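In: coords below, sequence missing:
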């Protein structure tokens, strides 16, 4: 795979609509704008409940982590959040070492993250 | 691990983000072969990626701005491609990465590493690149030589088990 692949799934929880964004490949200075465009479009459309499924993501740079912080900053005042699932051990470690795990909520599986929005 | 003679790799690619993945792959491969644990390989990978990104997105772009304004930046013939020039030295004890660019200088020595808790509490959108380089590598040395360019040397030691 060259770059990253991004797709979106919609879950209707009855009380809320949650958008799950699947990201695979890598997020660096070459590809992070793809994620930025996807997330910006969702937030602009009023989707404030977001789950980022990182199964298959091999690398994430600091700017992409900053992007997630920026999205959290925008959706939390609206009662929403951005939550991360399916992180590889490597990415989990990097996010923890850099302290982002204190600010962003991480889950092992999509189902758990969906339940957390109920 | 057996004693290993010094080996050198010279990687020179265009200073474009398209090539970041290639650079990471080469560095990860070298670090893995040296026997660095997975977490340390990931740190080296990220430090190199952030350093290359800084050169592409700040050093070269801002240098171009200075040129356009008729400033002091002196163009050299081989600047046309504005490469990422990475020289890697590995031996039994360490990996040393030397990155050279001819873009705008950055005072990395006097860059104050942010207090991470306070920094994250402000929910920043960017600005952790230099932090990653300084925190993830064991030694970082930066020199700006007018007329020559910027030389960033990042070293990571292989801890004895």
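Out: Looks like it came in fine. On a predicted model such as this, the values are computed, not experimentally measured, just so you know. Residues are numbered from 1 along each chain as shown, chains lettered A, B, ... in the order given.
In: quick one: residue A:5 is in a strand?
Out: Yes - judged by DSSP: H, G, I helix; E, B strand; the rest coil, residue A:5 forms part of a strand.
In: isn't it right up against residue A:26?
Out: No - using Cβ atoms under 8 Å as the test, residue A:5 is too far from residue A:26 to be in contact (10.4 Å). Every C-beta, even on glycine, is put in place using the N, C-alpha and C of the backbone.
In: ok, whichever helix in chain B runs longest near chain A or not?
Out: Assignment by DSSP state H gives helix B:38-54 as the longest helix of chain B. Yes - looking at helix B:38-54 against chain A by Cβ under 8 Å from any Cβ of the partner chain, the contacts come from B:38, B:39, B:42, B:43, B:45, B:46, B:49, B:50, B:53.
In: of those residues, buried ones?
Out: Neighbour-count burial (16 or more other Cβ atoms under 10 Å in any protein chain shown) is assigned, among the residues of helix B:38-54 next to chain A, to B:42, B:43, B:45, B:46, B:49, B:50, B:53.
In: just the closest of these to residue A:53, please.
Out: Nearest to residue A:53 among these is residue B:42, at 20.2 Å by Cβ to Cβ.
In: the closest one touches residue A:95, doesn't it?
Out: No - using Cβ under 8 Å, residue B:42 is not in contact with residue A:95, being 10.8 Å away.
In: for residue B:36, what are phi and psi?
Out: phi -60, psi 140 (degrees, to the nearest 10).
In: quick one: contacts for it?
Out: Applying Cβ atoms under 8 Å, 6 or more residues apart in numbering or on different chains, we find residue B:36 in contact with B:44, B:95, B:156, B:158.
In: what about the last one, distance to chain A?
Out: When Cβ to the nearest Cβ, to the nearest Å is the yardstick, residue B:158 and chain A sit 18 Å from each other.
In: ok, how many other residues are close to that residue?
Out: 19 (other Cβ atoms under 10 Å in any protein chain shown).
In: ditto for the third one
Out: Residues within reach of residue B:156, counting by other Cβ under 10 Å, total 21.
In: pairing partners for it in the sheet, please.
Out: Beta-bridge pairing of residue B:156 under DSSP bridges involves residue B:95.
In: quick one: it and residue B:89 touch, right?
Out: No - the criterion here is Cβ under 8 Å, and residue B:156 misses it with residue B:89 at 11.5 Å.
In: which residues are in contact with each of those two?
Out: residue B:95.
In: work out for me the element residue B:112 sits within.
Out: For residue B:112, there is no host helix or strand (DSSP states H and E).
In: from the contacts of residue B:36, pick the one nearest chain A.
Out: Closest approach between those and chain A, by Cβ to the nearest Cβ: residue B:44, at 11.7 Å.
In: so how far does stretch A:40-57 reach from one end to the other?
Out: 20 Å (Cα to Cα, to the nearest Å).
In: so which bits of it are buried?
Out: Per 16+ other Cβ under 10 Å, stretch A:40-57 contains these buried residues: A:42, A:43, A:47, A:48, A:49, A:50, A:51, A:52, A:53, A:54, A:57.
In: just the ones of those in helices?
Out: Going by DSSP H, the helices hold A:42, A:43 from the buried residues of stretch A:40-57.
In: what about the spatially closest residue to residue B:133 that is not a sequence neighbour, how many neighbours?
Out: Nearest residue to residue B:133 in three dimensions, chain neighbours excluded: residue B:47, at 4.8 Å (Cβ to Cβ, 6 or more residues apart in numbering or on different chains). Neighbour count of residue B:47, defined by other Cβ under 10 Å: 22.
In: need the contact list for residue B:47.
Out: With Cβ under 8 Å, 6+ apart, residue B:47 has these contacts: B:132, B:133, B:136, B:137, B:154.
In: just say helix, strand or coil for the last one.
Out: Spelled out, that is residue B:154. For residue B:154, the assignment made with three-state DSSP gives strand.
In: residue contacts, it?
Out: Counting by Cβ under 8 Å, 6+ apart, the residues that residue B:154 touches are B:47, B:48, B:51, B:96, B:97, B:98, B:99, B:133, B:137, B:139, B:140.
In: quick check: which element contains residue A:34?
Out: Residue-wise, residue A:34 maps onto helix A:32-44 under DSSP H and E.
In: against which helices or strands is that helix packed?
Out: Identification of packing neighbours for helix A:32-44 by 3 or more Cβ pairs under 8 Å, 6 or more residues apart in numbering or on different chains; DSSP states H and E yields strand A:4-12, strand A:17-27, strand A:49-53, helix A:62-75.
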